[in-house]
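missing the sequence, but the structure's below:
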């Protein structure tokens, strides 16, 4: 009887551990519950199978060109479905290796969505989502990552959340302090902008994909020693632009927390100067 109780206790403990681990994974990787049909691969397993895998970056070209897994191919999820499917099928036609999609990781859903689209629409198998993402990869395997074309990616090259926060302003403060001596840059694309300008045309509108114009503008701001205010749609795209600003030795720049979306959440009464 004593032995049976011990066995039961062990089973209960083991079950508790499994359940707690499952809850931890669900909390750390919320996308796994949303996309339970998508096979995932860990950082350790991807490293072991790296030479036998085709790694695909499902993010935008700008994010890919900023920080990526070394040797990764860029097939943005935002591509037209027919174009995306053709490019994935072309990969499979050339190799039977595992195709592993990744994005920024943990809470980013693009890796799952890209893998599902490859499985359901491209009708290919041996597909995985690397949901830990590019930042975890760069930290674990810096020699197999590239930042602005440079490798290895050392820890000090990655911009921390604290460092990003140092260059961020709440929407209300951003708007109120955007005086005439500040250069304002809207990096949303035309579709995101939809004809709406927060600063009624006083800002400079240059999408991230227009790299030459963007670089010329930033260099001009730096030459004039002006403060630079930048905003996007929801405060995420600026994270990638920051790497370029730092590489260009720009110091006096700030982002709008939450992007243009945050602007609409600020009560108009707070934006109007009172006598």
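Done, it's in. Computed from a predicted structure; not experimentally measured.

make it CA atoms for all contacts and neighbour counts henceforth
Fine.

what about the spatially closest residue to residue 29 that is not a sequence neighbour, is that helix, strand or coil?
By the measure of Cα to Cα, 6 or more residues apart in numbering, the closest residue to residue 29 outside its immediate chain neighbours is residue 106, 4.9 Å from it. Here residue 106 is recorded as coil under DSSP: H, G, I helix; E, B strand; the rest coil.

Tell me, how many residues neighbour residue 106?
Residue 106 has 22 neighbours, counted by other Cα atoms under 10 Å.

Correct me if wrong: it contacts residue 131.
Yes: assessed by Cα atoms under 8 Å, residue 106 is found in contact with residue 131 at 5.7 Å.

Overlap in contacts, the two.
Common contact partners of residue 106 and residue 131 (Cα atoms under 8 Å, 6 or more residues apart in numbering): residue 29.

thinking again about what came up before, tell me the contacts of the residue nearest to residue 29?
Counting by Cα under 8 Å, 6+ apart, residue 106 touches 28, 29, 30, 31, 131, 132, 133.

What subset of those is buried?
Buried members of the contacts of residue 106, scored by 16 or more other Cα atoms under 10 Å, are 29, 30, 31, 131, 132, 133.

could you point out which element follows the helix or strand of the chain with the lowest mean pLDDT?
None of the helices or strands of the chain scores lower by mean pLDDT, DSSP states H and E than helix 2-28, at a mean of 45. Sequence order places helix 31-34 as the next helix or strand after helix 2-28, per DSSP states H and E.

Show me what that next one is packed up against.
Helices and strands touching helix 31-34, as assessed by 3 or more Cα pairs under 8 Å, 6 or more residues apart in numbering; DSSP states H and E, are absent.

Now that helix: buried residues?
31, 32.

Please, where are all the strands along the protein?
53-57, 67-69, 73-74, 98-102, 127-130, 145-147, 168-169, 182-186, 204-205, 227-231, 253-256 (DSSP state E).

Tabulate those strands in JSON lines, adding columns for mean neighbour count, distance to residue 38 and mean pLDDT.
Shown next, in JSON lines, are the strands of the chain (neighbours: other Cα atoms under 10 Å; distance: least, Cα to Cα, whole Å; pLDDT from 0 to 100):
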{"stretch": "strand 53-57", "mean neighbour count": "24", "distance to residue 38": "15", "mean pLDDT": "98"}
{"stretch": "strand 67-69", "mean neighbour count": "25", "distance to residue 38": "21", "mean pLDDT": "98"}
{"stretch": "strand 73-74", "mean neighbour count": "18", "distance to residue 38": "20", "mean pLDDT": "98"}
{"stretch": "strand 98-102", "mean neighbour count": "25", "distance to residue 38": "11", "mean pLDDT": "98"}
{"stretch": "strand 127-130", "mean neighbour count": "26", "distance to residue 38": "7", "mean pLDDT": "98"}
{"stretch": "strand 145-147", "mean neighbour count": "23", "distance to residue 38": "25", "mean pLDDT": "98"}
{"stretch": "strand 168-169", "mean neighbour count": "19", "distance to residue 38": "36", "mean pLDDT": "98"}
{"stretch": "strand 182-186", "mean neighbour count": "20", "distance to residue 38": "36", "mean pLDDT": "97"}
{"stretch": "strand 204-205", "mean neighbour count": "18", "distance to residue 38": "38", "mean pLDDT": "94"}
{"stretch": "strand 227-231", "mean neighbour count": "22", "distance to residue 38": "34", "mean pLDDT": "98"}
{"stretch": "strand 253-256", "mean neighbour count": "24", "distance to residue 38": "35", "mean pLDDT": "98"}
